[in-house]
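Q: need the 3D shape of this:
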Amino acid sequence: MTSTKVEKEAPATHPQFSFADADVILVSSEDTCFRVPSFTLRNTCGFFRNLSSPCSPLDGEKTQIFNVDEKDKVLAKVLSMICGLYTENWESIQEVEDALALVQKWDAAGPLSVIRSAITAPVFLAEPLRLYAIATKFGWDEEAQLASTRTLTLDLYDEAHKPNLERLSARHLMMLLRLHRSRRDEFKRLVDGDGVFEAGNSSRYLCSGCGEPLNNYTWRELKARMFMEMDRRPLGDSLCSLEMEEWPEALACWTAKCQKNDCGRPNYNKLETLRDIRGCIDRLPLHIW
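A: Numbering: from 1, shown residues only. You can find the predicted model right below:
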């Protein structure tokens, strides 16, 4: 950013930023002028803290002009927060990231607080990895936890997520990977236990109708499929869903019956088993810690 003194008013002024008491002009990279009071800049931004007032008002002979690197949209968004003109109309998380870069450059605490208050809007939650990167960068713990929960619908090993993951610090990347892995592994531990799922996991479980030993092959196959699904989508919302109803492993498990000729009793109670699977998912950690 450079500062110069001029003796005439700069052209192409932004219509929202033409204050009567303006004595500073900020010129965007698109050559649009933003006329704002130096008093406002000094009292809201550490970067402008030592900004001196010009020798005369704007309609006099001299005005300070600063050339900045940002485009109109970014500059207008940040200045609207600084000057009390802010309206919450963010269009994308990219717009937030651009604004945050300028807020950091100018050391503007007020806009940073405003952005934090809006950062969990649905438009940003739709891109949880980018939101997680922003929240962890600025130390916003509650927002980072919420974003980490929203990442549970993602397969972090998908190449499409590599650019966003590379933006994270090693510490925060490991925290996110640990959350995803712990949900998968804890789910496996729970469904492998013979407390809740005794009929499927006990080494010798007998048919409740005739006492014939059960063949648990179909349950083991379903568990393997559920483990793979939790690895792909750790939220677990695809389990016990209509999607799961179409799995060959699920169909085989729910139709498995005692092989004794005069029995044919179902090996597993489908509704109770699905309820217990859902109970296991509900016990899993939901966010980073």
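
Q: list the buried residues of stretch 199-219.
A: With burial defined by 16 or more other C-beta atoms under 10 Å, the residues of stretch 199-219 counted as buried are 199, 200, 201, 205, 207, 214, 216, 218, 219. (Each C-beta comes from the backbone N, C-alpha and C, glycine too.)

Q: residues making contact with that stretch?
A: 192-194, 197-198, 220, 223, 249, 252-253, 256, 258-260, 262-263, 265, 267-268, 273 (C-beta atoms under 8 Å, 6 or more residues apart in numbering).

Q: pLDDT score for residue 255?
A: pLDDT, residue 255: 93.

Q: sorry, that was for residue 54
A: With respect to pLDDT, residue 54 has a value of 54.

Q: now the helices: where do they sit in the stretch 151-289 of the chain?
A: 162-165, 170-192, 198-201, 217-232, 242-245, 248-255, 270-282 (DSSP state H, counting those that start in this stretch).

Q: geometrically speaking, which residue is the centre of this structure?
A: Centre of the chain computed as the mean C-alpha position; nearest residue by C-alpha atoms, centre = their mean is residue 128, 2.1 Å away.

Q: distance check, that one against residue 289.
A: In this view, residue 128 and residue 289 are 17 Å apart by C-beta to C-beta, to the nearest Å.

Q: for residue 20, same thing?
A: 52 Å.

Q: which residues touch stretch 272-285?
A: With contact meaning C-beta under 8 Å, 6+ apart, stretch 272-285 is reached by 179, 182-183, 186-187, 190-191, 196-197, 200, 226, 236, 239-240.

Q: farthest pair within the residues you listed?
A: Using C-beta to C-beta, the pair of the contacts of stretch 272-285 lying farthest apart is 179 and 200, separated by 27.5 Å.
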